[in-house]
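# any chance you could fold what I've pasted below:
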Amino acid sequence: MSNTISSNARRHVLKGTVAAMAMAGLASWTKLGFAADAKPLPGYADWKIPGDIIVHSNNTLETKRSAYGTSVITPNDQLFVRNNLPPPDAEILKDRDAWVVEIDGVAKPAKLTLAELKTMGLETTAMVLQCSGNGRGFFPHKPSGTPWKVGAAGCVVWSGVPVRALVQAHGGVKAGAKYMTGTGGEKLPDGLDPLSVIVERSVSADAMEDALLAWEMNGEPISLAHGGPLRLIVPGFTGVNNIKYIKRLAFTEQETKAKIMSHGYRITPIGGTSGPDLPSVQQMSIKSWINAPLPEDGAIKAGRVQIHGVAFGGTHAVKGVEVSTDGGKTWTAAKFVGPDLGKYAWRQFVLEADLKPGEYQLASRATDTSGESQPEARVENKSGYNNNSWLDHSIKVSVA
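The predicted structure is shown next:
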């Protein structure tokens, strides 16, 4: 894909640039848009573009709002990273085709290598990958966890074998199975109960209809940072349900008892205690935000301005987007730009506006094909999940 080629080219340029900056001193970093006090990229993701990434920790890297641009697909070297455990050793990528995944809860259970999976079917899906906590940074009670704003999301193309084809080839799902449960292949810390730390999540079994066991992302073998050599992809569901380094896919009568499922990623009231009786973070909700113009651009020149951003649903396609320049008092329909890559991908939108000198609050509000519209207010919850408030995601800009 052309965007992949340009992504690789940028990667080589950046490596040379970073080396030059190291020789020239920190002044070069600020001239090129790098903060002098920015945290370095972790080794497993050091190929990403430093100036487009906010490094929160070794396991949490955020895409800058200004980096999204106007192309639909998010390049690999700009895409966010969120790991619940440190990634496995890079040795697992040396012989990708030898990776083994166990298929269980079907009439004919099996252990299959990646090489065998590649003979069983192929589909490509464009979808939004979004961390459940994207937008957490807007919650006033400052939840624990990474304070993402909009950058824990991207639109990505995955290729792999359809899970439904895999299930069909192994005799179908056993009677009574209500859930599709994926187990990650990270190395677990010694001395702890595996269920307390393992990355294992359950979603409704019918999600298998569009799910993939994917080995390729944006035209490249999936990197270690993003779950390679094999990742479970569940379109329309938040990132934690898209299991990295998947080693087991099972169809089960009950949800996994792993803590990340039973207590983690639950919509818990502020001050409350999380547990399996509370709603689980699963499908994404309708959402949008504006990517330009931005406050950090400084004063905008009065006249014609292109206000653009992205909009996406969960399991429903985006139907339309409205834009407000006065903080939601009035709304005008925006138009979609770029290709429609399917209901799971985001749509880019633009509103051409003539702005006079003054202060403006820019907001976007999306509606999906089921009729659900993006709300003004967030749903308050302890961990800051599922924030799709249009007001929180609005921005204030100056026009001169």
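# CA only for contacts and neighbour counts going forward, please
OK.
# mind giving me the domain split of the chain?
90-262, 287-399 (automatic domain parsing).
# could these be laid out in TSV, adding mean neighbour count, mean pLDDT and distance to Ile54?
Shown next, in TSV, are those (neighbours: other Cα atoms under 10 Å; pLDDT from 0 to 100; distance: least, Cα to Cα, whole Å):
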stretch	mean neighbour count	mean pLDDT	distance to Ile54
domain 90-262	20	98	9
domain 287-399	20	97	15
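# now these in CSV, with distance to Ala38?
Shown next, in CSV, are the domains of the chain (distance: least, Cα to Cα, whole Å):
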stretch, distance to Ala38
domain 90-262, 16
domain 287-399, 17
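# and of those, who's closest to Tyr68?
The minimum distance between Tyr68 and these falls on domain 287-399, with 7.0 Å, by Cα to Cα.
# next one: that closest one to chain centre, how far?
Computed by Cα atoms, centre = their mean, to the nearest Å, the chain-centroid distance of domain 287-399 equals 18 Å.
# for stretch 182-193, same thing?
Distance, stretch centre to chain centre, for stretch 182-193: 23 Å (Cα atoms, centre = their mean).
# quick one: end-to-end distance for it.
With Cα to Cα, to the nearest Å applied, stretch 182-193 spans 18 Å between its terminal residues.
# who touches it?
Residues outside stretch 182-193 that contact it (Cα atoms under 8 Å, 6 or more residues apart in numbering) are 85-88, 194, 197-202, 232, 241, 243-250.
# and these, which of them are in helices?
In helices, judged by DSSP state H, the following of the contacts of stretch 182-193 are found: 194, 197.
# just the contacts of stretch 182-193: which are in strands?
200-202, 232, 246-250 (DSSP state E).
# tell me which of these is nearest to Met217?
When the ones in strands among the contacts of stretch 182-193 are ranked by distance to Met217 (Cα to Cα), Leu232 comes first, at 11.9 Å.
# isn't that closest one up against Met217?
No - proximity of Leu232 to Met217 does not meet the contact threshold set by Cα atoms under 8 Å, at 11.9 Å.
# tell me how far Asp77 lies from Ala152.
14 Å.
# leaving out the residues flanking it, which one is nearest to Cys155?
Val128 (4.3 Å; Cα to Cα, 6 or more residues apart in numbering).
# that neighbour is in contact with Tyr344, isn't it?
Yes - with contact defined as Cα under 8 Å, Val128 and Tyr344 form a contacting pair (6.2 Å).
# which ones are touching Ala333?
Applying Cα under 8 Å, 6+ apart, we find Ala333 in contact with 320-323, 351.
# make that Gly320, sorry
By Cα under 8 Å, 6+ apart, Gly320 lies in contact with 333-335, 366-368.
# same check on Leu93?
By Cα under 8 Å, 6+ apart, the contact set of Leu93 is 224, 228-229.
# for Ala334, which non-adjacent residue is spatially closest?
Ala334 sits nearest to Leu351 (Cα to Cα, 6+ apart), 4.8 Å away.
# for the one you found, give me phi and psi.
Per-residue torsions, Leu351: phi -130, psi 120 (degrees, to the nearest 10).
# tell me the secondary structure at Asn291.
Classification of Asn291 by DSSP: H, G, I helix; E, B strand; the rest coil places it in strand.
# wait, isn't it in contact with Arg65?
Yes - the criterion here is Cα under 8 Å, and Asn291 meets it with Arg65 at 6.0 Å.
# make TSV out of the ones in strands among the contacts of stretch 182-193 and add distance to Val81.
Listed next are these as TSV, based on distance: Cα to Cα, whole Å:
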residue	distance to Val81
Glu200	18
Arg201	18
Ser202	21
Leu232	16
Ile246	17
Lys247	20
Arg248	22
Leu249	23
Ala250	26
